[in-house]
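Student: Here is my input, please return the structure:
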Amino acid sequence: MNAAHALEHELQSIIVKACNVQDVPEEVLPEAPLIGPDSPLGLDSLDAVEIVVAVQAHYGVRIDDQNVARRVLASLRVLADFIRSRQ
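Tutor: A predicted model of the protein is given here:
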């Protein structure tokens with residue numbers, strides 16, 4: 001597993017725990033939608049708030065603009081890229 005995939009995998013674990021996801025699919029593609037009806041984790045807009053809080057707590061990266069949050073919560077890959085760009 002390379003560093004990019006390691007961060008995406010770590011983010012998935014953090015999100016599953018923060019959002020109390022019960023039915024975790026065996027594989028979640030990094031480019032799959034993170035929030036919304038097509039989310040393989042079944043996450044909604046309320047979960048988005050939990051993800052923003054968890055990202056700040058784990059990585060010290062703030063997502064304090066709603067438009068930025070919509071963009072960076074598009075997928076695990078986009079979120080991982082955003083965190084890498086802020087560290």
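Student: Provide the contact partners of stretch 56-74 at residue level.
Tutor: 14, 33-35, 48, 51-52, 55, 78-79, 82-83, 86-87 (CB atoms under 8 Å, 6 or more residues apart in numbering). Just so you know, the C-beta spots here come from the backbone N, C-alpha and C atoms, and that holds for glycine as well.
Student: buried ones in that stretch?
Tutor: For stretch 56-74, the neighbour count (16 or more other CB atoms under 10 Å) marks 59, 61, 63, 69, 72-74 as buried.
Student: and what of stretch 32-52?
Tutor: For stretch 32-52, by 16+ other CB under 10 Å, it's 32-35, 39-43, 47-48, 50-52.
Student: Please apply the same query to stretch 75-87.
Tutor: Buried residues in stretch 75-87 (16+ other CB under 10 Å): 75-77, 79-83.
Student: Give me the below-cutoff pLDDT ranges for this structure.
Tutor: For the chain, applying pLDDT under 70 flags the ranges 1, 4.
Student: For it, which segments count as helices?
Tutor: 3-18, 45-59, 66-72, 76-86 (DSSP state H).
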